[in-house]
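Participant: My questions are about this predicted structure, shown below with the sequence.
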Amino acid sequence: MVIDCFSPRALADFYAGLLDMPKRELDTSERVVITRTDGRLPTLAFQHAQFPAPRWPDPAYPQQVHLDLHVPAADEPSLQSARALAGSLGAIELQPGPHHHVYADPAAHPFCL
């Protein structure tokens, strides 16, 4: 999966921490590719692009990608831990919900936990 963004290295740092994907297969100012250290899929790529930032849920500023991230053993402590990690990495909570929580990553792409 390739995610367009203004700063590939900054967004790669965010998702590497959030998804435990610390290995960089490629690291340039134009494109960064991250993976897990055990080689399991998927890999994520972040590519430099300039465009108006999304403003979820405003259709005038549409999202370029929306990730739904499964929290393992979705019990309350796991969810709270995932929410705390996302916040500590710079995610902004956009909409809390009973079964998922919508956040924006540092490039304003929405994602759900």
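Facilitator: Good, I have the coordinates.

Participant: and the helix or strand harbouring residue 18, how far from the chain's centre?
Facilitator: Counting by DSSP states H and E, the element that carries residue 18 is helix 8-19. In terms of Cα atoms, centre = their mean, to the nearest Å, the centre of helix 8-19 is found 7 Å from the chain centre.

Participant: so what does that helix touch, helix or strand wise?
Facilitator: strand 23-27, strand 31-35, strand 44-48, helix 76-88 (3 or more Cβ pairs under 8 Å, 6 or more residues apart in numbering; DSSP states H and E). Yep, even glycine has a C-beta here, placed from its N, CA and C like the rest.

Participant: starting at the chain centroid, how far to the last one?
Facilitator: Meaning helix 76-88. Distance, centroid of helix 76-88 to centroid of chain: 14 Å (Cα atoms, centre = their mean).

Participant: returning to that earlier point: which of the helices and strands packed on helix 8-19 sits closest to residue 6?
Facilitator: strand 44-48 (7.0 Å; Cβ to Cβ).
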